[in-house]
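In: okay, predicted coordinates and the sequence, questions at the end:
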Amino acid sequence: MEYQLIRSRRKTVAIEVKEDKIIIKCPYNCSKQYVDSLIDKNRAWIEETHKKVMIKKSNKLTYKEGQNVYFMGVPYEIKVIRGTRNSLEFNGQEFIFTIMSSQFDNNEHSEEVRIELMMAWFRKQGAEYLTKRTSDLAKQLGLTINKVYIKNVRTIWGSCSTKNNINYNIRLMSMPKEVIDYVVIHELCHLVQRNHSEKFWELVERVIPDYKQRRSFLKNNSSKYCNW
C-alpha cells in the first residue's frame, strides 16, 4: 500500500486517508520499518476508512438540478433557473437557485455561486434557529449562555468556550431536529462539566436518555445529510 511520508517535530504518528493516497505524519526519528508495520497493523481500518471517503465523495453535492439538500432532516430538491441576479429561495418544497445568465453556463463558476448562496442561507437559518433553541434549552436547564456563533467547520459539530459562547457547525442544520437537540444539549452540558468525563455523560443522559442513539445517528449519517 503506497503512502506519502511527512516527517516533522511531532511526537506521535498519524494516519490520514485521502481519496487518492494515504498520508503518514511521523517524527523525524521514526523508521520506515515501523511505518510499514503500522500500516500493516491498521490495514483493515485504512481500507474501511477509504471506502467511507469514496462514498462521501460520490454523495457530495454539486448543486445541480434534481439533487436533494437536507434541511432539518428533510430532503428538498434543487431547482435552477436563469435570472437577472443570483439568489436562493426556499419555498418549503424546494430550493430554487436563480443564476445570472452570464454565469449560468459556466459550470465551475456557477457552482461556486450556488455554494456561496447555500452557505449564506444556512448560516442565516442556523443563527436564527440555533440561537433560539440554545437559549430555550438553557433556560429549561437553569443555565446561562453568552453568544451563539455559526461557523463553517468540518471536524466538529459544536464547541463551548470558557466565556460560555457556543459555536455550531453550519451543516448541523441539515440534521433532524432531535439530532440537533443532542448537539445543543451536549454543548450546554459543557457549561457544567468542561470535559467528557463520566459525570459529563451522566448529565447528558439525564437530559436526553437516548443520547447514544442520537449520537450514533449523527456519526453514521452525516455524509448523507450534510453532503454540501
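Out: Thanks, I have it. Numbering: from 1, shown residues only.

In: is L5 in a helix, a strand, or coil?
Out: Following DSSP: H, G, I helix; E, B strand; the rest coil, L5 is assigned to strand.

In: verify the stated contact: it with Y28.
Out: No: using C-beta atoms under 8 Å, L5 is not in contact with Y28; the gap is 11.1 Å. All C-beta atoms are positioned from the backbone trio N, CA, C, and that covers glycine.

In: list the buried residues of the longest helix seen in the chain.
Out: Ranked by residue count and defined by DSSP state H, the top helix of the chain is helix 107-140. By 16 or more other C-beta atoms under 10 Å, the buried positions in helix 107-140 come out as 110, 113-114, 117-118, 121-122, 125-127, 129-131, 133-134, 137-138.

In: gap between that helix and the chain center?
Out: Its chain's C-alpha centre and that of helix 107-140 lie 12 Å apart, by C-alpha atoms, centre = their mean, to the nearest Å.

In: quick check: mean pLDDT across the one helix or strand V204 maps to?
Out: Per DSSP states H and E, V204 falls inside helix 198-207. Taken as a whole, helix 198-207 has a mean pLDDT of 98.

In: can I get the following helix or strand past it as CSV, trimmed to CA atoms?
Out: Helices and strands here follow DSSP H and E; after helix 198-207, the next one along the chain is helix 211-225. In CSV, the C-alpha atoms belonging to helix 211-225 read as follows (Å, rounded to 0.1, in the frame of the first residue of the first chain):
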residue,chain,number,x,y,z
TYR,A,211,-28.4,10.4,23.6
LYS,A,212,-26.4,7.3,22.5
GLN,A,213,-28.8,6.6,19.7
ARG,A,214,-28.8,10.3,18.6
ARG,A,215,-25.0,10.4,18.7
SER,A,216,-24.8,7.2,16.7
PHE,A,217,-27.2,8.6,14.1
LEU,A,218,-25.1,11.8,13.8
LYS,A,219,-21.9,9.8,13.3
ASN,A,220,-23.3,7.3,10.8
ASN,A,221,-25.5,9.6,8.7
SER,A,222,-23.5,12.9,8.5
SER,A,223,-22.2,12.1,5.0
LYS,A,224,-25.7,11.6,3.7
TYR,A,225,-27.4,14.6,5.4
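
In: show me what helix 211-225 is packed up against.
Out: Helix 211-225 is packed against helix 43-59, helix 177-189, helix 198-207, with contacts defined by 3 or more C-beta pairs under 8 Å, 6 or more residues apart in numbering; DSSP states H and E.

In: what about I185, how many neighbours?
Out: Around I185 there are 22 other residues, counting by other C-beta atoms under 10 Å.

In: for the closest residue to it other than its chain neighbours, give its distance to I22.
Out: With C-beta to C-beta, 6 or more residues apart in numbering as the measure, V207 is the residue that lies nearest to I185, at 5.1 Å, once sequence neighbours are left out. Note on V207: its distance to I22, by C-beta to C-beta, to the nearest Å, is 40 Å.

In: just to revisit the earlier point, packing partners for the longest helix of the chain?
Out: With contacts taken as 3+ C-beta pairs under 8 Å, 6+ apart, helix 107-140 sits against strand 68-71, strand 87-90, strand 94-100, helix 101-104, strand 148-151, strand 166-169, helix 177-189.
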